[in-house]
Structures are given as C-alpha cells and as structure tokens.
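Chemist: how does the following fold in three dimensions:
(one chain, ligands or ions: 2)
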Amino acid sequence: MGIQIAPSILAADFANLERDILAVDNADWLHVDVMDAHFVPNLTLGLPVVERIAQIAPMPVDTHLMIEDPDHWAPQYAEAGAASVTFHLEAARDPVAIARDLRRLGARASVAIKPGTAVDPLLDVLTEFDMVLVMTVEPGFGGQDFMPDMLPKLRTLREAAAERDHDLWLQADGGIARDTIAEASAAGCSVFVAGSAVYGADDRRAEIEELRRIAREAHGDG
Ligand code: DX5
Ligand code: ZN
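Modeler: Numbering: from 1, shown residues only. Ligands and ions are numbered 1, 2, ... in the order given. Sure, this is the predicted structure:
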C-alpha cells in the first residue's frame, strides 16, 4: 500500500459535517476522533455519529478512539461501520484480544501510542495489528506542533515489521502539514492524518494532493 491521506474531521465544521466530509472526497480515509473527556481532556462524538458518518462518507472511516475501556467499546465501532479502529495501548487491558475482536468483525485492527509511550511492548505482538498510530502530539486537540522526537519510533516499528515480514501500516497523527510530512514519510510512515492542514486550506482537495505528493517524494515510491 502506498501513501494514504486521512483528513481529520476534528478540524471540520461539526454543524456541517456531511458537507465537510464530501469536500475531501479524494482522501483515502476519513479520520474520526472519538474523545470521552476522561482519557483525554476533550469530548467529541460517539457511536451514533460514527454510524451515520460511515453511511454517508464516500471513503472508508478510520476511527481513533481516545477513550477509556476500549476492551468494551472498540468492537462496537467496527460494528458501527468503521473500516479501521484504532484504540490506545495506554487504555487497553488486553490489546491483543481487542485486535482479534476487531479483525473477527472485519475491521482493520490498529493500536495508538501517546508521545510518552515506548514502542517496545508492541514489538512482540506486532503481527496482531494492521496499523500502529504514532501520536506526534499529545492527544486531545488539533492544531498543535508536530513532535520530531517521535520519528525514531516510526523507524523502529518499520524495521521491526520488515524483520517479521509483516505488512504493517504506520500512521502519524498530529501536526502533519507540508513542512512536516516529508520527515514522517522518510521515517517509514505511510498513513497521514491531517486536520488543520487540510481543513484550514482554501482548496481542501488540492491540499490533500499536495500532501500526498510531498509524502510520496520523501518515501521514494514515486
Ligand atoms: C488529536 C487528534 C488528531 C487531530 C490532528 O488528538 O488525534 O487527529 O485532529 O489535528 P492536526 O492535524 O491539526 O494536528
Ligand atoms: Zn486522531
């Protein structure tokens, strides 16, 4: 799989979600941030909204669950129609069991780590996951600065996946824009979340194409 762009609707107009989803219809995924005001100090939306978004979105839905008790909740997002479900390692009791549940329900199973969380505990169970999300800001809010200190995590995961001959996607989320996407891509990331960079642009479709172009160039796959 090549470079993929996932606009985050956290930066969209929540009173005009359908309009703002259709405005990015050249994206590979739609990134939906679910926050519960406990795991992170912010509150967004939940299952009924994700279910409707999955019905109307022209692209597959990539849910990023910044919530407590993903062991209970994550499978329900797969049932609601999310094609990819990412839960946080820090909140999970049994990450492998969650991933197996998600795959059984036909979703891509993905795990996220906050900036302060090391990749090491994931390496032994890497093949249980289809994607790892490396947070490049503290989760909770859009519009923060990209943390370049997170790049070594991407490199470590990329190498570990190659050693295991595992087709693992790496996603970076937070502060991804024209000036940061190249270094994340060069470090092995291939799925890029972009909230303010896409929704803050006058021409959102053109911004997605531009991000894709820069990431491809840095990745060396044309
Ligand atoms: C933050 C969210 C991100 C957010 C990214 O916790 O997970 O998906 O929307 O926003 P930007 O791209 O503006 O950093
Ligand atoms: Zn996110």
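Chemist: contacts only, for the closest residue to ligand 2 within the chain.
Modeler: As assessed by C-beta to the ion, ligand 2 sits closest to residue 64 within the chain, at 3.7 Å. All C-beta atoms are positioned from the backbone trio N, CA, C, and that covers glycine. Taking C-beta atoms under 8 Å, 6 or more residues apart in numbering, we find residue 64 in contact with 8, 31, 32, 33, 34, 86, 112, 133, 173, 193.
Chemist: now do 7 Å
Modeler: Counting by C-beta atoms under 7 Å, 6 or more residues apart in numbering, residue 64 touches 31, 32, 33, 34, 86, 112, 133, 173.
Chemist: could you do residue 11 as well?
Modeler: 142, 195, 196, 199, 200.
Chemist: cutoff 8 Å now
Modeler: Taking C-beta under 8 Å, 6+ apart, one finds 142, 143, 195, 196, 198, 199, 200 in contact with residue 11.
Chemist: can I get the residues you listed in JSON lines with distance to residue 166?
Modeler: Conversion of the contacts of residue 11 to JSON lines gives the following (distance: C-beta to C-beta, whole Å):
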{"residue": "142", "distance to residue 166": "31"}
{"residue": "143", "distance to residue 166": "33"}
{"residue": "195", "distance to residue 166": "28"}
{"residue": "196", "distance to residue 166": "32"}
{"residue": "198", "distance to residue 166": "29"}
{"residue": "199", "distance to residue 166": "33"}
{"residue": "200", "distance to residue 166": "35"}
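Chemist: which among these count as buried?
Modeler: Among the contacts of residue 11, the ones that count as buried by 16 or more other C-beta atoms under 10 Å are 142, 195, 196, 198, 199.
Chemist: could you identify the most distant pair in those?
Modeler: Pairwise distances across the buried ones among the contacts of residue 11 (C-beta to C-beta) peak at 10.6 Å, for the pair 142 and 198.
Chemist: quick one: common contacting residues for those two?
Modeler: 8, 11.
Chemist: element containing residue 62?
Modeler: For residue 62, the host element (DSSP states H and E) is strand 61-66.
Chemist: so for that strand, mean pLDDT?
Modeler: Averaging pLDDT along strand 61-66 yields 99.
Chemist: partners of that strand in the sheet?
Modeler: With DSSP bridges as the test, strand 61-66 is paired with strand 30-35 (parallel), strand 84-88 (parallel).
Chemist: mind listing what's buried along it?
Modeler: So strand 61-66, judged by 16+ other C-beta under 10 Å, has buried residues 61, 62, 63, 64, 65, 66.
Chemist: what about the fourth one, distance to ligand 1?
Modeler: When you say that, I think you mean residue 64. To ligand 1, residue 64 is 5 Å away according to C-beta to the nearest ligand atom, to the nearest Å.
Chemist: repeat for the second one
Modeler: Between residue 62 and ligand 1 the computed distance is 10 Å (C-beta to the nearest ligand atom).
Chemist: can you start the count at 738 instead of 1 from here on
Modeler: That works, and once the first residue is 738, the last one we named lands at residue 799.
Chemist: returning to that earlier point: how about the buried residues of strand 798-803 in a markdown table, adding distance to residue 898?
Modeler: Below are those laid out as a markdown table (distance: C-beta to C-beta, whole Å):
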| residue | distance to residue 898 |
| --- | --- |
| 798 | 24 |
| 799 | 19 |
| 800 | 22 |
| 801 | 20 |
| 802 | 22 |
| 803 | 24 |
